[in-house]
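1. Pasted the sequence and its predicted model underneath.
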Amino acid sequence: MGIEIKPSDLYYRYPRKKETRDAPKFTGLPDPHPFDRNDLYEVIPMFEAVMDELESVDGAVLQGIEKILNDQVPAFIRSREEIYRCLVGMMREELGG
């Protein structure tokens, strides 16, 4: 699908960590690198990948993914692949399938 998310599409505001802006970001599994849930440049590629996996372009789904990341994903889940799997699994559950 290849959804493109802009910062203005997001419900929450995330800091722009310019020092890591050009570092490689999440592109798919496997990816054991740590995930910074407080970096705009890190969360957008993650949300795009999750939305693609869910085959959705619905803003309500994006907002749900954000709420899950910010309110439900435990802090001990740190790697990109763990975050990805958690977001996909929890959002699928919320969507009923």
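-> Now that the structure is in, tell me what you want to look at.
2. Helices of this protein, residue ranges please.
-> Listed in chain order, the helices found in the chain under DSSP state H are 40-53, 59-71, 80-95.
3. tell me the angle of the last one relative to helix 40-53?
-> Okay, so that is helix 80-95. On the basis of axes from the mean of the first three to the mean of the last three Cα atoms, to 10 degrees, helix 80-95 is oriented at 50 degrees to helix 40-53.
4. any idea of the angle helix 80-95 forms with helix 59-71?
-> Using the same axes, to 10 degrees: helix 80-95 against helix 59-71 is 120 degrees.
5. For helix 80-95, output the C-alpha coordinates as PDB.
-> C-alpha atoms of helix 80-95 as PDB (Å, rounded to 0.1, in the frame of the first residue of the first chain):
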ATOM      1  CA  ARG A  80      11.700  -2.100  16.800                       C
ATOM      2  CA  GLU A  81      10.400  -5.600  15.900                       C
ATOM      3  CA  GLU A  82       8.900  -6.100  19.400                       C
ATOM      4  CA  ILE A  83       7.100  -2.700  19.100                       C
ATOM      5  CA  TYR A  84       5.900  -3.500  15.600                       C
ATOM      6  CA  ARG A  85       4.500  -6.900  16.600                       C
ATOM      7  CA  CYS A  86       2.900  -5.500  19.600                       C
ATOM      8  CA  LEU A  87       1.200  -2.600  17.700                       C
ATOM      9  CA  VAL A  88       0.000  -4.900  14.900                       C
ATOM     10  CA  GLY A  89      -1.300  -7.500  17.400                       C
ATOM     11  CA  MET A  90      -3.000  -5.100  19.700                       C
ATOM     12  CA  MET A  91      -4.600  -3.000  16.900                       C
ATOM     13  CA  ARG A  92      -5.800  -6.200  15.200                       C
ATOM     14  CA  GLU A  93      -7.400  -7.200  18.400                       C
ATOM     15  CA  GLU A  94      -9.000  -3.800  18.800                       C
ATOM     16  CA  LEU A  95     -10.300  -3.900  15.200                       C
END
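6. Cheers, nothing more for now.
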